[in-house]
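K.L.:
this is a predicted model, with the sequence first.
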Amino acid sequence: MANFEDGVRNCEDGVFILGAGGHAKVVAATLQEAGIPIAAFLDDDPGKIGSIIAGVQVAGSLDTIIGKGKVKAVIALGDNRTRKEAAIRFQPYCRWITAIHPLAVIHESVKIEEGTVVFAGAVIQPDTRIGRHVIVNTGVTIDHDCDIRDFAHLGPGTHLAGNVALREGCLLGVGVAVIPGRQIGEWSTVGANASVVADVPDGVIAVGVPAQVIKEISRD
């Protein structure tokens, strides 16, 4: 199995995946189905280093990438704040790629920025804009003219109607539904299977049908 140095020498042919947890497995599957070679996984858990995921080695910690030149990479860390921290820290060393599964359906007018991942079964409709390092999970549907900002995370099976706005760092749990024209605030969380029929403010947790705010959370 190729080690990290081998991967760096061949970085034109492979992408480094930052993270080696469950989310990283789906990122790897997406890259493999798209025919994009993977150079190695990197993870800060010492217990994972040397292990094999999807036929690819976990070759070292995240810091291993520092000083190796500008390599192709994607962040596979599901927590939104951790993903943002990694994006800032490793920006000087990485060229972020966008990973899109071939079984995702994306209209040609959709704009997707660097570092975002779009998994199998996702459907993204016309004139939607998706920012940097967003997670569009398995089976998500996003209708027309939605505006999804950096570091948002849409859980599996979430559904956005038209003209929905997701602000930076917000998290939608599995199966969330949002009616047309609603906004989810920065770094807010909407719990699984909630139905959003009114705007959700910044920095809160909302749950239920219809979704109601139950707690304020720190945005620091």
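P.N.:
Here it is on my side, so go on. No experiment lies behind these values; they were computed from the predicted model shown.
K.L.:
all helices for the chain, in order.
P.N.:
In the chain, the segments counted as helices under DSSP state H are 4-9, 22-33, 80-90.
K.L.:
deepest of those, which one?
P.N.:
Per residue and on average, the most neighbours among the helices of the chain fall to helix 22-33, with a mean of 20 (mean count of other C-beta atoms under 10 Å). For the C-beta atoms, the positions are set from N, CA and C on the backbone; glycine is no exception.
K.L.:
just want the angle from it to helix 80-90.
P.N.:
For helix 22-33 against helix 80-90, the angle by axes from the mean of the first three to the mean of the last three C-alpha atoms, to 10 degrees is 60 degrees.
K.L.:
now the residue nearest the centre of the chain. Nearest residue, chain neighbours left out?
P.N.:
Compute the mean C-alpha point of the chain, and by C-alpha atoms, centre = their mean the closest residue is Ile135, 2.5 Å away. Nearest residue to Ile135, sequence neighbours excluded (C-beta to C-beta, 6 or more residues apart in numbering): His153, at 4.4 Å.
K.L.:
surely the one you found touches Gly78?
P.N.:
Yes - applying C-beta atoms under 8 Å as the test, His153 and Gly78 come out as touching, 6.8 Å apart.
K.L.:
looking at these two, which is more packed in?
P.N.:
Regarding His153 and Gly78, a neighbour count based on other C-beta atoms under 10 Å identifies His153 as having more, with 23 against 19.
K.L.:
beta-bridge partners for that one, please?
P.N.:
Ile135, Leu171 (DSSP bridges).
K.L.:
so who does it touch?
P.N.:
Each residue near His153 by C-beta atoms under 8 Å, 6 or more residues apart in numbering is listed here: Gly78, Asn80, Val134, Ile135, Asn137, Cys170, Leu171, Leu172.
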